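Chemist: requesting a structural model of the entry that follows:
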Amino acid sequence: MGSNNTSHFASFAAYTPPPDDPSYVASTSKNTSRAWFPSQQPTSYQSGGIPTFNTSQAGGLGAIEDAEAESASSLWETRYGFRVDLLAAFAYLLGPFSALVLLIVETHNDFVRFHAYQSALLTTPLVILRILASLLQFPPFLRTVFTLLLVIPSLYMAWQAYIDAARNGLVRFQIPFIGPLAERWVSEE
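Modeler: Residues are numbered from 1 along each chain as shown. Just a heads-up that it's a prediction; the model follows:
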């Protein structure tokens, strides 16, 4: 056994710090830290660390409550810090264009993504129908009806998405046939 190979477990001298003390480990070991790896300094009760007996930090009993609280707070968080209710309502205001923008930009919040998918599935066929009515030169009365058929559901769903986020605790209002499909797409991401 060489003199360079020191054992931390055999030293029982009264003046020697505990083996898990970060300053002791750093002074006695060779510099083997690599810049691309984070430094892991042991923390224990002996070296001044706080004991974690059945708490969330140790993964014990408190971990479940902390994970639930964290997931509950993340329901209200968006990628850029915008309000969930405003983003969900915005998904319907410009039809498939705002839905597409939100699906590209907002990647963290499932509530906003659900309303973006639902908006795209609702408004895209209505916009195509309105464009076809104009291209085929339908009478102005029918084009007005198609425009109202596009605008009224979009405004109602924008209001419903805003209210569901602002007052109802992120309850998802689902349009028949479209809502379950949007829900499935969000859950498959």
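
Chemist: can you name the next helix or strand after whichever helix or strand Ala120 is part of?
Modeler: Using DSSP states H and E, Ala120 maps to helix 110-135. Of the helices and strands lying after helix 110-135 in sequence (DSSP H and E), the nearest is helix 140-166.

Chemist: can you give me the buried ones in that next one?
Modeler: Judged by neighbour count (16 or more other CB atoms under 10 Å), helix 140-166 contains these buried residues: Phe146, Leu150, Pro153, Ser154, Met157, Ala158, Gln160, Ala161, Tyr162, Asp164, Ala165. Backbone N, C-alpha and C define where each C-beta goes, glycine included.

Chemist: gap between the nearest residue to Phe138 once chain neighbours are set aside and Arg167?
Modeler: Leaving aside its chain neighbours, Phe138 sits nearest to Phe146 (7.7 Å; criterion: CB to CB, 6 or more residues apart in numbering). Using CB to CB, to the nearest Å, Phe146 is found at 32 Å from Arg167.

Chemist: and if you look at Ala116?
Modeler: 21 Å.

Chemist: who's more crowded, these two?
Modeler: Taking other CB atoms under 10 Å, Ala116 and Arg167 do not tie; Ala116 has more neighbours (30 against 9).

Chemist: check what pLDDT that one gets.
Modeler: pLDDT recorded at Ala116 is 92.

Chemist: which residues does it contact?
Modeler: With contact taken as CB atoms under 8 Å, 6 or more residues apart in numbering, Ala116 is in contact with Ala91, Ser98, Ala99, Leu100, Leu102, Leu103, Glu106.

Chemist: in helices only, show me those.
Modeler: Using DSSP state H, the subset of the contacts of Ala116 located in helices is Ala91, Ser98, Ala99, Leu100, Leu102, Leu103.

Chemist: so where's the protein shaky on pLDDT?
Modeler: 1-76 (pLDDT under 70).

Chemist: not counting sequence-adjacent ones, nearest residue to Arg130?
Modeler: Phe146 (4.6 Å).

Chemist: OK, contacts around the one you found?
Modeler: By CB under 8 Å, 6+ apart, the neighbours of Phe146 are Leu126, Leu129, Arg130, Ala133, Phe138.

Chemist: out of those, who has the most neighbours?
Modeler: Arg130 (21 neighbours).

Chemist: in this structure it contacts Leu150, no?
Modeler: Yes. Assessed by CB atoms under 8 Å, Arg130 is found in contact with Leu150 at 5.5 Å.

Chemist: all set, thanks.
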